[in-house]
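Undergrad: Here is the input, now give the coordinates:
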Amino acid sequence: MGRNDQDLTDLSLLGNQETTYDFNYTPEVLETFDNKHPNRDYFVKFNCPEFTTLCPKTNQPDFGTVYLSYIPDEKMVESKSFKLYLFSFRNHGDFHEDSMNIIMNDLIDLMDPKYIEVWGKFTPRGGISIDPYTNYGRPGTKYEKMAEHRMLNHDLYPEKVDNR
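TA: Below is the predicted model of the structure:
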């Protein structure tokens, strides 16, 4: 029941010891693999505590944690490609809110998940932190209603979420 080499032919980054780290926004680095359980709803969660982007005005670095949760359909994002994708924001100048929406939009375009949410918890700067949250549920389905419910009732402090 496991995966074989034929299942993994489209993954060029996983296991590659000559990884290139692109310092500029590079959505093309994202790769997918087939979900072997598309008939079951389950969450895939990533916690990425080393996200860095640049302030679009001052070019000073902003540091934060990106939390991604999604219910896959046919495709899933490969974790190393996702790590390299997030790394590509290193020299990208944008506001926190924009960065989280860009990430979500790129992942929707890549995977067409049933449901997805992305939120950031950024290190305070000037005495204030910004924790943008965005989600999406496939229109016309129960996932659209789930997104509406989560938006209205979401606890915006992901450190309270037990991801074990």
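Undergrad: Give me the below-cutoff pLDDT ranges for this protein.
TA: 1, 3-18, 154-164 (pLDDT under 70).
Undergrad: could you redo the last one with a cut-off of 90?
TA: 1-24, 55, 125-129, 148-164 (pLDDT under 90).
Undergrad: where along it do the helices fall?
TA: Taking DSSP state H, the helices of the chain run over residues 79-87, 96-111, 142-153.
Undergrad: How about the residue most central in space within the chain: which residues does it bridge to?
TA: Of all residues in the chain, the one closest to the mean position by CA atoms, centre = their mean is Leu68, 4.5 Å from it. Going by DSSP bridges, Leu68 is paired in beta bridges with Phe46, Val118.
Undergrad: Run a quick check on it versus Asp106, I expect a contact.
TA: No. Counting by CB atoms under 8 Å, Leu68 sits too far from Asp106 to count as a contact (11.1 Å). No exception for glycine: its C-beta is placed from N, CA and C like everyone else's.
Undergrad: How much space separates the residue nearest to Thr32 when sequence neighbours are not counted from Gly127?
TA: The shortest distance from Thr32 to any non-neighbouring residue, by CB to CB, 6 or more residues apart in numbering, is to Lys75 (4.1 Å). As for Lys75, its distance to Gly127 is 41 Å (criterion: CB to CB, to the nearest Å).
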